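*Asks:* please work out how this folds:
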Amino acid sequence: MFWDIIIEVLKSIGRLFINPLLYITIIFIILIGYRRVINERKSFKIRIHWGFSEALMLLKEGWPWAIIVSVISVVIGVVLPMEYIVLVTLFSIICVITFYYHFASVVYPFACAFLMLWWVYTQDASFTFWHWTVDAETMHLKLLASIPILIGILLVVEGNLVARHAAHLASPRLQKSERGLNAVTFLAKRLWILPVFFLIPGDTITEIVPIWPIFDLGGESYGLILFPVVLGFQQRARKLLPSHFYPQIGRTIILLGAVVVVEGIISYFVPMLGIASVIVAITGRALISIMYSISERKGKFAVTPQNEGVVIAAVLPNSPAEAMGLQIGEIIRKVNGENVHSEDELYRALQLNAAHCKIEVLDTDGELRLRQHVIFHHDHFRIGLLLVH
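*Replies:* The predicted model follows:
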């Protein structure tokens, strides 16, 4: 029995590497970084983060959540038919290749695949995709609870990733304000891959205890599949700073996910509520994107020229500015004792003391603070600051 499970785990890992979704997503993650660098060079003549930064974060940010979701799905026994896995793969690929990641939230492929199964079931229809036939028998009563719970959990994960990491690679873009001044917006465009273990009907893992799996499909043996769950996100910040905006939208997604999980649990006892909970998930996630987009299009820019000094639009990684703790949206008033109102004035003030830099900055809370740092010969000559003035 033990060796059978080990072999099944190895087979499930092999299934991950034959899934085209994995490779398509990796390609588009690289393209995200490439296009980000192009746009940063257009606005500021320099890139902020390396073009492969998104690719390097591919698993680094999401692997703890992949483990958590895998443990939950296997422990409670969420069994997914292979036809459903194939449909999720198809819808995920469509979401990824559009390059418009407002529609790449994890909710859409999982929910659309579920609604398609439900439609086939209610219409007693069938269709064949590649080698897989989807018909009324594919739908099972337990899916009305297990899939909404799974969607809710994945939404909670998505919200946490957005709240914690979306601001990190949010790319600044210059834009003209209504008064014709340079202002800055920030675009976060991310894809994450979470390799998650799911149970599928199979012939390897037999039922261990009478209560497992909870969401079985009427079988007595199961296999494993390691599936590349793709979470996409795209949102532009303008009125709020990225450090405030993305955690806010992330918390809203987490709240939606929690609501969907609760509805899914209730669906275990009232199955028809499962359809409603999936619709709530789709509608709620779409409304979150739309409402935050509309909100950010109105009002003044968070990062725009100020009379008090020059405003920080971005801080280059591993630079003196980063070491000094300078933040986006802060206003630099003095450098080495000299008032600065332009990038040229800041550069000249830096040359007053090429070995040491003292900066007087007005932070986003309106408080004045002093930052200083030793400048080394290999440091960026503008100490790693991108400014709007």
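*Asks:* which of the three states applies to Leu226?
*Replies:* Leu226 falls in the strand class when you classify it by DSSP: H, G, I helix; E, B strand; the rest coil.
*Asks:* contacting residues around it?
*Replies:* 12-13, 15-16, 195-197 (CB atoms under 8 Å, 6 or more residues apart in numbering). All C-beta atoms are positioned from the backbone trio N, CA, C, and that covers glycine.
*Asks:* tell me the pLDDT at it?
*Replies:* Leu226 is assigned 94 on the pLDDT scale.
*Asks:* beta partners for it?
*Replies:* As for beta bridges, Leu226 partners with Phe197 under DSSP bridges.
*Asks:* now, of the contacts of Leu226, which are buried?
*Replies:* 12, 15-16, 195-197 (16 or more other CB atoms under 10 Å).
*Asks:* can you redo these as CSV with distance to Gly250 and pLDDT?
*Replies:* Formatted as CSV, the buried ones among the contacts of Leu226 follow (distance: CB to CB, whole Å; pLDDT from 0 to 100):
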residue, distance to Gly250, pLDDT
Ser12, 30, 81
Arg15, 31, 83
Leu16, 27, 89
Pro195, 22, 95
Val196, 20, 96
Phe197, 25, 93
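*Asks:* among those residues, which one lies nearest to Tyr108?
*Replies:* For the buried ones among the contacts of Leu226, the closest approach to Tyr108 (CB to CB) belongs to Val196, at 16.8 Å.
*Asks:* any figure for the gap between that closest one and Ile68?
*Replies:* 9 Å (CB to CB, to the nearest Å).
*Asks:* so, low pLDDT: which residues of the stretch 201-350 of the chain?
*Replies:* Residue ranges of the stretch 201-350 of the chain with pLDDT under 70: 203-216, 218-220.
*Asks:* quick one: the strands in it?
*Replies:* 221-237, 310-315, 331-335, 338-339 (DSSP state E, counting those that start in this stretch).
*Asks:* would JSON lines of those with distance to Gly366 be doable?
*Replies:* Formatted as JSON lines, the strands of the stretch 201-350 of the chain follow (distance: least, CB to CB, whole Å):
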{"stretch": "strand 221-237", "distance to Gly366": "20"}
{"stretch": "strand 310-315", "distance to Gly366": "14"}
{"stretch": "strand 331-335", "distance to Gly366": "9"}
{"stretch": "strand 338-339", "distance to Gly366": "18"}
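*Asks:* could you work out the most separated pair of the buried ones among the contacts of Leu226?
*Replies:* Maximum distance among the buried ones among the contacts of Leu226 (CB to CB): 12.0 Å, for Arg15 and Val196.
*Asks:* name the residues contacting each of the two.
*Replies:* Shared contacts of Arg15 and Val196, counting by CB under 8 Å, 6+ apart, come down to 226-227.
*Asks:* just give me the neighbour total for Val311.
*Replies:* 23 (other CB atoms under 10 Å).
*Asks:* Leu326 is in contact with that one, correct?
*Replies:* No: using CB atoms under 8 Å, Val311 is not in contact with Leu326; the gap is 11.2 Å.
*Asks:* anything in contact with each of these two?
*Replies:* Shared contacts of Val311 and Leu326 (CB under 8 Å, 6+ apart): Ile332.
*Asks:* how about the contacts made by Val259?
*Replies:* So Val259 contacts 152, 280, 284 (CB under 8 Å, 6+ apart).
*Asks:* before we move on, what about Ser267?
*Replies:* 144-145, 148-149, 273-274, 277.
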